[in-house]
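[1] structural data only, the sequence is not supplied:
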């Protein structure tokens, strides 16, 4: 089979598309013919050789990839022939024509579900469900979403709209039309004057960008405002000093031990049409280009590799 392999840490160019042996099955595992594999910003961190949480630095050589969807072709007879989606864990072989997953991680998909969209929801979608639970969006909220055209941000905007609240979406110039189409008031965060372009006072900020942009968003909150902080794609955490004076409450991302209920909720939202993930597709052979585009903020929604 063909897969992406990485033998050294570095830029996107270290990702090689090559022939490799089929993965070995163990007890309680199945082989999946991959129809779509998710690409996450965390994948770029792992690729560079930077530690990722308690996992630390990845062991090389490896095939990256955390999420896959496809059809089971070997392993547990009860799953043979079924279309599934699964989260594989960190750097665990998803960028390949075939991947191995634990039976306990599988979710069955109907034939009409788009594999790339399922991949978006099994990873990014489950995180969105967790964060929206923390945010507790109310109909009278004005919600400022950073990176509103991204995988998480685009789901947030839809959820805010579904709740009857107002969404304000920060994005670059090329993505403003998409943010508006999702139902948010678009604001160009590359304009140094962008905080002055926000015409309504936010009551809630959903911030995964961090740094100066994250702090500028929080400073727009009125007294008693809320902020959910879940990352810093800018490379710098959001400074939170002094916000207590305005009575602003801060919630941060803490992953529960059991993520399966969140996965089920995300996939149910996809099936019902409540949430529709945006997807940018790249061929599997062009994983390096996918990483470069993701790091260069040239993608919209979830980045997914397809055969």
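    Cool, got the structure. Model, not experiment: these values are computed from the prediction.
[2] contacts, neighbours, all on C-alpha from now
    Noted.
[3] measure residue 292 to residue 34 for me?
    Residue 292 sits 22 Å away from residue 34, taking CA to CA, to the nearest Å as the criterion.
[4] compare neighbour counts for those two and give me the winner.
    residue 34 (26 against 16; other CA atoms under 10 Å).
[5] which non-adjacent residue is nearest that one?
    Once flanking residues are discounted, residue 34 sits nearest to residue 70: 4.5 Å by CA to CA, 6 or more residues apart in numbering.
[6] what's the mean pLDDT across whichever strand or helix holds that neighbour?
    Per DSSP states H and E: residue 70 is located in strand 67-75. For strand 67-75, mean pLDDT is 97.
[7] next up, phi/psi of the nearest residue to residue 13 once chain neighbours are set aside, please.
    Distances taken as CA to CA, 6+ apart place residue 288 nearest to residue 13, at 5.9 Å, with adjacent residues excluded. As for residue 288, its main-chain torsions (degrees, to the nearest 10) stand at phi -60, psi -40.
[8] for residue 216, same thing?
    Backbone dihedrals for residue 216, given as degrees, to the nearest 10, come out at phi -60, psi -40.
[9] ok, it - how many residues close by?
    Neighbourhood size, residue 216 [other CA under 10 Å]: 15.
[10] my guess is it meets residue 195, correct?
    Yes - using CA atoms under 8 Å, residue 216 is in contact with residue 195, at 6.9 Å.
[11] show me the shaky parts of the stretch 151-300 of the chain.
    Along the stretch 151-300 of the chain, the model assigns pLDDT under 70 to residues 245.
[12] which parts of it are strands?
    For the stretch 151-300 of the chain, the strands defined by DSSP state E, counting those that start in this stretch occupy 166-171, 185-188, 204-207, 226-229, 249-252, 279-283.
[13] run through who's touching the third one.
    Defining contact as CA atoms under 8 Å, 6 or more residues apart in numbering, one finds that strand 204-207 is touched by 135, 141-146, 214, 217-218, 221, 225-232.
[14] before we move on, back to that, give the next helix or strand downstream of the strand holding residue 70.
    Assigned by DSSP H and E, the successor of strand 67-75 is strand 83-87.
[15] direction included, what does that next one pair against?
    As defined by DSSP bridges, the strand partners of strand 83-87 come to strand 67-75 (antiparallel), strand 106-109 (antiparallel).
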